[in-house]
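Participant: Model the following, please.
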Amino acid sequence: VDLVESGGGLVQSGGSLRLSCEASGITLDHYTIAWFRQAPGKEREVVACASGIGPTYASSVKGRFTVSRDNAKSTMYLQMMRMKPEDTGVYYCAAGEFSRLRVGVPYDYWGQGTQVTVSS
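Facilitator: Predicted structure coming up:
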C-alpha cells in the first residue's frame, strides 16, 4: 500500500493550493480518508476527514478547506483557500477503516508528507 502526496509548495497569504494524494494497493472508497498537518514545534493535528457520514473539519480551517476524493482515480484531495501563515506545516494524507477508527485504532496508511508554506 502506498499513499503519494503532491501539490505542496509556497503560497502567499490569501492564496490557494490543492493537495493530492494518490493511493495504490487499496480500494480508496472502502476507507475513511483524512488530512493531517504538523506545524514546526507542534503536534500533528487532523484538519479534515471524510467518511461515509460526510466531511468534518477542524475549526481553524472550516469554510476555507475542502476534502474530496475521486474513487475512480483512487485519489483524495485537499483544496485550501484563503490561506493564512498559520496553515504552514507538513501535510499528510491518511486512510483507515471506519470501524477501526471509531474505536480508537489509528489510521492504517499514511503518505510521506508534503510541505506547505504560507508567507505573510
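Participant: give the contact list for G63.
Facilitator: Listed by C-beta atoms under 8 Å, 6 or more residues apart in numbering, the contact set of G63 is empty. Just so you know, the C-beta spots here come from the backbone N, C-alpha and C atoms, and that holds for glycine as well.
Participant: What strand or helix carries it?
Facilitator: In this assignment (DSSP states H and E), G63 forms part of neither any helix nor any strand.
Participant: Next up, phi/psi of it, please.
Facilitator: Torsion angles at G63 (phi, psi; degrees, to the nearest 10) stand at phi 90, psi -10.
Participant: Next: A72.
Facilitator: Per degrees, to the nearest 10, the backbone of A72 is at phi -60, psi -30.
Participant: same question, S99
Facilitator: Here S99 shows phi and psi, under degrees, to the nearest 10, equal to phi -60, psi -30.
Participant: Which residue ranges of this protein form strands?
Facilitator: All strands of the chain, identified by DSSP state E, fall at 2-6, 9-12, 17-24, 32-38, 45-51, 54-57, 65-70, 75-80, 89-96, 109-110, 114-119.
Participant: now the third one: mean pLDDT?
Facilitator: Per-residue pLDDT values over strand 17-24 give a mean of 97.
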